[in-house]
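# Structure of the sequence below:
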Amino acid sequence: MLTRRVFFAAGGIAAGGGSYYAYKKVVASAQTDETEARQKDLRTIVPSRKEILDKLKQKKTYDMLIIGGGATGTGIALDAVTRGLDVALVERDDFASATSSRSTKLIHGGVRYLEAAVKNLDYRQLLLVFEALHERKTFMQNAPHLTRKLPIMTPCYSWWELPYYWVGLKMYDALSLTRMLASASWLSREQSLNRFPMLQEKGLKGSVVYYDGQMDDSRMGVGLAVTAAANGAAVANHVEVVDLLKDEAGKVIGAQLKDVLSGETWEVQAKAVINATGPFVDHIRKMDNAASQPMISPSRGIHVVLPDYYSPLEMGLIIPKTSDGRVIFLLPWLGRTVAGTTDVKCDLDPNPPAPETDIQYVLDSISKYVRVQVRRDDVSAAWAGIRPLAKDPNVENTAALVRDHVISTSESGLVTITGGKWTTYRAMAEELVDTVVKNAGLKPNKSCQTTHTPILGAGGWNNAQFLDIAQNYVRVKSGHGKFLTAPLNTDIAQHLSSSYGSRAFLVAELAQSGYGKRLAHNLPYIEAEVVYATRNEFATTAVDVIARRLRLAFLDSKAAHAALPRTIELMAKELGWDSARIAQEKEAAVTYLASMNSDHTSKQ
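Alright, predicted model coming up:
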């Protein structure tokens with residue numbers, strides 16, 4: 001039984017007039033709706049990975065088999081299953097384990113794309129910005145607990161930059177139409193330094209501030225997978241496609257699957273097979289046709305994580321021009337500051353390290369714009385992500401790579417989607433499902449529902465929810481055969497609320513039942529989250545937890561190392577690991593963490 005407080009609407013008050021009474025009725029109705037939505041999310045049962053694997057092994061034909069569990073794949077699964085289609089999805093690693101967890105964490109239209117569109121009179125690129133700005137608002141409405149509105153400052157060190165960026169960012173606002181987050185504004189030199197005290201003041205003329213969205217990318221990816229599963233989709237992580245199945249006419253009708261953790265193999269058939277593996281789509285396309293031409297030109301972007309004093313908690317910074325013309329962001333994120341990114345051609349790597357030269361490039365770039373002494377030792381984590389810059393293999397003379405997405409269907413019927421970005425994942429999924437429904441003759445019982453399908457945890461959530469958690473729960477910590485009670489501190493309550501939404505109460509209950517100890521000093525992550533992730537979010541390896549359910553590996557590799565033994569101990573108890581599996585998990589996690597901070601990690 002949950003011990004949380006329930007908000008009851010106040011009864012009508014006779015005194016005060018009819019308008020006041022009507023207002024109270026509206027408030028009461030809103031509170032009732034919020035409570036009901038929250039209770040619905042709390043009652044939702046997410047099937048276990050074992051239950052999903054058992055379902056996948058049944059002899060049946062799915063409407064769609066989706067390969068790839070990143071933003072695009074999980075978005076497609078949610079769109080398709082909420083239309084009433086029978087959906088399966090497999091991911092060889094973990095949900096959002098590659099590019100989808102290694103983004104800049106922005107939900108944005110792309111101010112640099114707008115600038116390029118205007119300079120080059122590129123109408124197509126202008127449409128990309130317009131679509132992304134439209135989707136930005138939908139994204140944030142469907143996952144309010146995982147997103148926030150973030151003001152971003154553009155510092156101006158020449159007088160001409162002030163009108164230039166002001167006009168450009170006002171155009172950015174105009175393209176948002178009624179879905180604008182807030183209006184861009186001009187700040188004087190003094191106002192700029194007041195809002196961003198770390199800013200280099202020498203030569204500063206003023207700044208222009210605009211607004212975009214910010215998110216927790218991997219928790220959004222996991223949220224999409226969990227929400228799709230709760231709606232009936234069979235989504236499984238750590239299951240890879242080892243071969244495609246074809247009928248006598250050479251048409252793709254399914255895939256041979258392998259559980260990466262157990263080694264077991266089996267076949268799944270589907271009316272449509274979707275290749276949504278991001279930068280790795282060419283691997284599946286080669287499996288379909290060895291002669292297929294590459295669609296992807298991979299590009300590496302790296303980010304570094306710095307202490308919170310590099311930026312204010314509620315203001316980001318965009319450096320519009322660096323030494324080689326790239327854009328660098330400096331953004332507050334989860335109590336730290338994240339800086340990036342680069343854009344360098346690279347080879348494909350499932351877990352790419354951040355090269356030291358790229359790390360130093362980012363540090364050198366921001367050092368010119370902040371008064372903080374920028375030091376390599378301040379980097380607590382660094383990661384690299386591979387962007388799937390794509391070209392359409394069915395269109396000739398496409399030397400130019402696009403930031404837009406591409407949907408391509410092979411002669412065998414394999415449907416590939418790649419490119420695009422996090423902000424537009426929902427629109428990409430809608431277009432893909434529309435295409436497959438038409439071409440494969442599928443019969444959904446509904447049209448697209450995802451413009452108003454909240455992520456599990458969004459129901460009944462509000463910004464003040466953490467108060468309810470902090471006031472009505474305690475942390476019970478076990479140690480040396482004793483149980484100690486401690487407050488559920490504000491930082492932990494805020495973290496749980498913004499990470500799990502309305503389902504944070506379930507995590508708080510676990511904390512109150514004996515899993516209340518912090519996993520790392522001065523960070524809000526607690527043992528209850530490991531147990532919850534294992535039971536409710538398909539976490540099956542230690543890296544699943546420390547990297548993507550909790551963001552420890554992305555925030556502080558040293559803290560992640562410290563949390564690793566207890567994380568593995570809790571997971572071993574939940575999942576029944578033997579000593580060999582425990583040793584395997586430790587080795588894999590240490591190797592992963594070594595990739596998250598370049599040579600700096602190896603010295604710790």
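
# quick one: low-confidence ranges for the protein?
1-30, 392-403, 598-604 (pLDDT under 70).

# at 50 instead, please
Per-residue confidence for the chain (pLDDT under 50) gives these ranges: 1-17, 20-27, 396-400, 598, 600-604.

# Now do the contacts for the residue nearest the centre of it.
Nearest to the geometric centre of the chain sits residue 217, at 1.6 Å (C-alpha atoms, centre = their mean). Applying C-beta atoms under 8 Å, 6 or more residues apart in numbering to residue 217 gives the contacts 71, 96, 100-103, 105, 422. Yep, even glycine has a C-beta here, placed from its N, CA and C like the rest.

# Narrow the residues you listed to those in helices?
residue 71 (DSSP state H).

# Now render the contacts of residue 217 as CSV, adding distance to residue 260.
CSV is the format used below for the contacts of residue 217 (distance: C-beta to C-beta, whole Å):
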residue, distance to residue 260
71, 21
96, 16
100, 18
101, 18
102, 20
103, 24
105, 28
422, 25
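
# wait, which of the contacts of residue 217 is closest to residue 264?
Comparing those against residue 264 with C-beta to C-beta places residue 96 closest, at 24.2 Å.

# which secondary structure elements does the one helix or strand residue 271 maps to contact?
Here residue 271, judged by DSSP states H and E, is contained in strand 265-275. Here strand 265-275 touches strand 61-67, strand 87-91, strand 239-246, strand 252-259, helix 281-288, strand 415-419, helix 425-440, going by 3 or more C-beta pairs under 8 Å, 6 or more residues apart in numbering; DSSP states H and E.

# possible to save those as TSV with distance to residue 561 and mean neighbour count?
Converted to TSV, those look like this (distance: least, C-beta to C-beta, whole Å; neighbours: other C-beta atoms under 10 Å):
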stretch	distance to residue 561	mean neighbour count
strand 61-67	33	24
strand 87-91	26	29
strand 239-246	28	18
strand 252-259	29	20
helix 281-288	32	20
strand 415-419	34	25
helix 425-440	32	21
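
# Looking at those, spot the one closest to residue 545.
Relative to residue 545, the nearest member of the helices and strands packed on strand 265-275 by C-beta to C-beta is strand 87-91, separated by 16.1 Å.

# what's next to the closest one, contact-wise?
Applying C-beta under 8 Å, 6+ apart, the contact partners of strand 87-91 are 56, 62-70, 73-74, 76-77, 80-81, 97, 225, 228, 232-241, 255, 257, 268, 270.

# on that earlier part again, ok, the residue nearest to the centre of the chain to residue 107 distance?
Distance, residue 217 to residue 107, using C-beta to C-beta, to the nearest Å: 10 Å.

# and for these two, which residues touch both?
With C-beta under 8 Å, 6+ apart as the test, residue 217 and residue 107 both reach residue 422.

# contacting residues around the closest residue to residue 431 other than its chain neighbours?
Computed as C-beta to C-beta, 6 or more residues apart in numbering, the closest residue to residue 431 that is not its neighbour in sequence is residue 407, at 6.8 Å. For residue 407, the residues meeting the contact criterion (C-beta under 8 Å, 6+ apart) are 415-417, 431-432, 435.

# Taking those residues together, which two end up most distant?
Most distant of the contacts of residue 407, by C-beta to C-beta, are 416 and 431, 13.3 Å apart.

# The nearest residue to residue 267 once chain neighbours are set aside and residue 287: what is the separation?
Sequence neighbours aside, residue 256 is the residue nearest to residue 267 in space, at 5.3 Å (criterion: C-beta to C-beta, 6+ apart). Shown here: residue 256 relative to residue 287, a distance of 10 Å by C-beta to C-beta.

# overlap in contacts of these two?
Residues touching both residue 256 and residue 287 by C-beta under 8 Å, 6+ apart: 241, 243-244.

# so which of these comes closest to residue 510?
Using C-beta to C-beta, those come closest to residue 510 at residue 241, 34.8 Å.

# Enumerate every residue touching the closest one.
Here residue 241 is in contact with 67, 90, 92, 255-258, 284, 287 (C-beta under 8 Å, 6+ apart).

# could the residues you listed go into a markdown table alongside distance to residue 167?
Below are the contacts of residue 241 laid out as a markdown table (distance: C-beta to C-beta, whole Å):
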| residue | distance to residue 167 |
| --- | --- |
| 67 | 45 |
| 90 | 48 |
| 92 | 47 |
| 255 | 51 |
| 256 | 56 |
| 257 | 53 |
| 258 | 55 |
| 284 | 45 |
| 287 | 49 |
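
# The residue nearest to residue 267 reaches residue 265, doesn't it?
Yes - contact criterion C-beta atoms under 8 Å: residue 256 and residue 265 qualify, at 6.2 Å.

# Alpha carbons of the helix or strand that contains residue 76, as PDB, please.
Using DSSP H and E, residue 76 sits within helix 71-82. C-alpha atoms of helix 71-82 as PDB (Å, rounded to 0.1, in the frame of the first residue of the first chain):
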ATOM      1  CA  ALA A  71      15.000   6.400 -30.100                       C
ATOM      2  CA  THR A  72      13.800   5.500 -33.500                       C
ATOM      3  CA  GLY A  73      13.100   1.800 -32.900                       C
ATOM      4  CA  THR A  74      11.300   2.300 -29.600                       C
ATOM      5  CA  GLY A  75       9.400   5.200 -31.000                       C
ATOM      6  CA  ILE A  76       8.100   3.000 -33.900                       C
ATOM      7  CA  ALA A  77       7.200   0.200 -31.400                       C
ATOM      8  CA  LEU A  78       5.100   2.700 -29.300                       C
ATOM      9  CA  ASP A  79       3.400   4.200 -32.400                       C
ATOM     10  CA  ALA A  80       2.600   0.800 -33.900                       C
ATOM     11  CA  VAL A  81       1.300  -0.900 -30.800                       C
ATOM     12  CA  THR A  82      -0.900   2.000 -29.800                       C
END
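
# Give me the distance between that helix and the centre of its chain.
Put simply, helix 71-82 sits 14 Å off its chain's centre (C-alpha atoms, centre = their mean, to the nearest Å).

# and what of stretch 464-483?
On the basis of C-alpha atoms, centre = their mean, stretch 464-483 sits 27 Å off its chain's mean C-alpha point.

# who's in contact with it?
The set of residues external to stretch 464-483 that reach it, using C-beta under 8 Å, 6+ apart, is 3-5, 484-490, 492-494, 496-498, 501-502, 504-505, 508-509, 511-517, 526.

# Stretch 326-334 too?
Residues contacting stretch 326-334 (C-beta under 8 Å, 6+ apart): 104-106, 112, 150, 152, 214, 216, 305, 308, 310-322, 337-343, 362, 365-366, 369-370, 551, 555.

# and if you look at stretch 96-104?
69-71, 74, 91, 217-218, 220-222, 237, 278-280, 301, 303, 329, 331, 338, 340-341, 350, 383-388, 421-422, 547-548, 554.

# Among those, name the ones in helices.
Counting by DSSP H, the part of these found in helices is 71, 74, 217-218, 220-222, 554.

# what's near enough to touch residue 132?
Residue 132 neighbours (C-beta under 8 Å, 6+ apart): 108-110, 421, 423-424.

# Can you tell me which of those has the largest number of neighbours?
When neighbours are taken as other C-beta atoms under 10 Å, the top entry among the contacts of residue 132 is residue 424 (28 neighbours).

# host element of the residue nearest to that one when sequence neighbours are not counted?
Spatial nearest neighbour of residue 424, chain neighbours left out: residue 135 (5.0 Å); criterion: C-beta to C-beta, 6+ apart. Secondary structure from DSSP H and E places residue 135 in helix 123-142.
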